[in-house]
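**Student:** Requesting a structural model of the entry that follows:
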Amino acid sequence: MSRARQPPLVTGISPKEGAAWTKVTIRGENLGTGPADLIGLSICGHNCLLTAEWMSASKIVCRVGPAKDDKGEIIVTTKSGGLGTSTVSFKLLRPERIGILDQSAVWVDEMNYYDMRTDRNKGISPLSLRPSNPLGIDIDKGKIPQKDMELTFPGMSGDFTSENFSATWYLIENHTGSSFEQLKIGANNLKKQATKKNEGSLAYVKGGLSTFFEAQDALAAIHQRLESDGTERVEGSMTQRLENILNRASNTADTLFQEVLGRKDKADSTRNALNVLQRFKFLFNLPLNIERNIQKGDYDVVINDYEKAKSLFGNTEVPVFKKSLLLEKLLQTPSTLHDQKRYIRYLSDLHAPGDPAWQCIYAQHKWILQLMQSCREEFISGQRVGVCALDPEGDTRPSALGRLSHTASLKRGGSLRTPRPSTWRFETPQQVQFVEKLSDVVIGQLPNFWKLWISYVNGSLFSETGEKSGQVEKSKKNARQRQNDFKKMIEEMTNRLVKLVRGALLPTTLPHGELSFYGGWENKTELTGAWLTQIIHTVRACHEALSALEIPNDLLQVIQDLLLELRVHCLMVTLLHATEDVKRLAEKEDWVVDNEGITSLPSQFEQCVVQMLQSLKEPLEIKPGEMNVLQLDQVQDQATELSMGIMKVFINSLEHLSTKTDADINVPHNISVDLCSPDRFTAVHEGFSPTSEQRLLIILSNCQYLERRTFLNLANHFEKHGLTGTEKITRVSVDAVRELDRKLFEAYIERRADPIAGSLEPGICAGYFDWRDCQSPTGVRNYLKEALVNIITVHAEVFTVSKDLVPRVLSRIVESVADEMCRLMQCVSSFSKNGALQARLELCALRDAIAAYLNSESNASFKLALDALPQLHSGADKKLLEELLNKFKSSMQLQLTCFQPSCIQPVKR
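**Tutor:** This is a model prediction of the structure:
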């Protein structure tokens, strides 16, 4: 539990009492994040920051200064937490109040012990000789704020023991009210102190010179007496007497100081016992405190207690100090990245054996693999046992891909991924749900796994204590040695992801031996192109999320390869399904034509293909690092063949519609059409049940529209979406539709032209008519009028469907009729005068009536027919012929109006 921003709290100090400059250890909580964060430390009201040494967030070592107060709190101030508080206090002992032989609970350094012989102080550290008034004059402190002094003298200090000591600062702070004469006295005092320091060694030698001479003389006399005695230890000898004297002197000294030394030993024993009890007082409550702190999860306090007791409890059987409890929590899954780092830091502070960070990484690796495999098993078995995924803060998180759904919908134009209803989980294919959940596991877990490894590499898993103990460098060294092992872990996870997706969508790409481990989806629903597009989006999102972690591209290449195969598979499946959709379009034909003679079928076909191409927009889109699937030769050829197959299937559907019988048409015959009544062909509306001939005309009109419009539009759409082979697709499609057009046109002409041409010969011979013996012509005979009426009927039938077809159909009908008339005239052996005139009248009447639809072949037929007749030489015959033609045109004017060329323009083919 982090308290980085809470104020500092001092909970212990050792020792709790002592003289000035005593070294103490301060313990507590939130004592700063580093040396730079510690900006204040006072004990008994005295600033001890100068001697403070920051060890950790729970430990500071410093020396107590000569405070004015005998007892006071320990106050720590940090940048991050501000002014702190204290639950303990420190008692300052005055050295001048404790004699050499006085009892004391703590050992008092005899730093100012006065030597009577030399009249000088013993040499000790500068801190212990710190004078309170170096100038030797009265101190008169000013009232200038500390902040103003720091601004005036940046980087300097008024403390004369500091390396950055400023004499000006010291004088302003301590002698603002001192007079100039007092300052001169202070300067003289400083000079005397400096002179005394320089002359100290020489004066010592001069003062003790006589003593040295006396000692030398005494030693020389003793040496002479020893030589004169001739023995060292003989009763009554000088040596023996000298030894006796020294022994008596020693016994006398022991007698004099025995009581004092005994009291000193007793005081030392008592003091040591008190120190032990004071130092380890927390041990009495340690087990209970540890249990409570573990239950609260406050491991910082547990680690702090461990730091106090580790020197004595190195071989303890208490579970927390055996590190087993923390290690179990570290390896427990699922867990957040924050908890993992925290437990690793605790174990490092406890000096746990082995490498807890690597153990955690290995455990997370196995757990993620297990999660991925569990996804497949629950979908294959049909048991949706969800595994809760955690975000970095430890909260249960929704689907990672669910958060991308809105963005994905916008990117795809909102056509492929509509808002999911409450029944979405039951409607979505199992494979799609599986890939989304699998990607959700990877996106949710692999980033934290990668971040844990990065923290392990750069050593940020350890606390300041770990940094000082060299664990960071050791961790970095271990990480360098295990880089290949971690790389294999990432490869194993990405390969597992790819193989699981392949098993669900592309089982043929897996080796046979791996199908039992990754396959098993044979009984699931076959996916359409739209669902495959959603899967591609999901896998891309997964790849983008992993790329954002700066994972090396070579480790993610298997996902790129999977995406390439999924895009190709989606393209092929979409084209195949589009072929089936186009094949079913024929069932939607309602035979209702518009003003151009076109039904809705061509537009439905075009819309179907365009929607298919739009659905391929995302699969064919080239993301960074991906390649264009259409640049693969094999994919190009397959896509072109399937596209041509779609066109051919639609053309075959049109041909199938043209061959349907009336019984195959589902629309009821609620309108009866009489070909002999042209006025019935005013419109074709809904519910219209066409005859087989009318179906031929409608399909012919649709074929012309396909050739002129649809195929060109589709070619533009193919090029717009990047599909290659557009020219080949268009060429094959146009050739196929032209071939169908030719077949259907010939079939219609055969059905309509043959009856008309076949009725001419019986009509000519009706009533035993003979060209060689006939009366003078009085007008055009009825057979020709019936032929014209039949042609008008065909005109009405064609015009009702499509006026653009009228010139083409009528030209062929006229050509057939003209050819038949030519044959009949050439078969007559001879003509009488009246017979020749009658024949010429009928040929000219027929030719003039259908002149708008004459072509070169029909003109040639009429010419041959007229050439077969005797020529008119008489003016009266010519006049009679002209009168009879005008009479015919006048009587048939209304019927022949439809043949006027002003309203019909021939179609060029």
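
**Student:** make it CA atoms for all contacts and neighbour counts henceforth
**Tutor:** Will do.

**Student:** helix/strand/coil for residue 73?
**Tutor:** Here residue 73 is recorded as strand under DSSP: H, G, I helix; E, B strand; the rest coil.

**Student:** Equivalent analysis for residue 479, please.
**Tutor:** helix.

**Student:** The residue nearest to it when sequence neighbours are not counted - how many residues pack around it?
**Tutor:** Among residues not flanking residue 479 along the chain, residue 457 sits closest, at 5.4 Å (CA to CA, 6 or more residues apart in numbering). The tally of other residues near residue 457 (other CA atoms under 10 Å) stands at 20.

**Student:** Residue 457 is in what secondary structure piece?
**Tutor:** helix 430-458 (DSSP states H and E).

**Student:** what's the answer for residue 535, then?
**Tutor:** Residue 535 belongs to helix 529-547 when assigned by DSSP H and E.

**Student:** Show me what that helix is packed against.
**Tutor:** helix 430-458, helix 553-583, helix 601-615, helix 617-620 (3 or more CA pairs under 8 Å, 6 or more residues apart in numbering; DSSP states H and E).

**Student:** which other helices and strands contact the helix or strand following the shortest one?
**Tutor:** Think helix 617-620. For helix 617-620, the following helix or strand on the C-terminal side (DSSP H and E) is helix 633-658. With contacts taken as 3+ CA pairs under 8 Å, 6+ apart, helix 633-658 sits against helix 553-583, helix 692-705, helix 726-758.

**Student:** which stretch among those comes nearest residue 607?
**Tutor:** helix 553-583 (10.3 Å; CA to CA).

**Student:** quick one, strands of this structure?
**Tutor:** 9-14, 17-19, 23-29, 38-43, 46-47, 53-56, 59-63, 71-78, 82-83, 85-86, 89-93 (DSSP state E).

**Student:** Please identify which of the helices and strands packed on helix 529-547 is closest to residue 534.
**Tutor:** Comparing the helices and strands packed on helix 529-547 by CA to CA, helix 430-458 comes nearest, at 7.7 Å.

**Student:** For the helix holding residue 535, give the mean pLDDT please.
**Tutor:** For helix 529-547, mean pLDDT is 87.

**Student:** contacting residues around it?
**Tutor:** 401, 408, 416-417, 432, 435-436, 439-440, 442-443, 446-447, 553, 556, 559-560, 563, 566-567, 570-571, 573-574, 577, 615-616, 618-619 (CA atoms under 8 Å, 6 or more residues apart in numbering).

**Student:** any chance of the strands of the chain in TSV, with mean neighbour count too?
**Tutor:** Below are the strands of the chain laid out as TSV (neighbours: other CA atoms under 10 Å):
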stretch	mean neighbour count
strand 9-14	20
strand 17-19	22
strand 23-29	20
strand 38-43	20
strand 46-47	17
strand 53-56	19
strand 59-63	20
strand 71-78	22
strand 82-83	18
strand 85-86	16
strand 89-93	20
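
**Student:** In a markdown table: those strands, plus distance to residue 175 and mean pLDDT.
**Tutor:** Conversion of the strands of the chain to a markdown table gives the following (distance: least, CA to CA, whole Å; pLDDT from 0 to 100):
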| stretch | distance to residue 175 | mean pLDDT |
| --- | --- | --- |
| strand 9-14 | 35 | 93 |
| strand 17-19 | 28 | 87 |
| strand 23-29 | 31 | 92 |
| strand 38-43 | 24 | 92 |
| strand 46-47 | 20 | 90 |
| strand 53-56 | 31 | 90 |
| strand 59-63 | 27 | 93 |
| strand 71-78 | 27 | 92 |
| strand 82-83 | 30 | 92 |
| strand 85-86 | 33 | 92 |
| strand 89-93 | 27 | 89 |
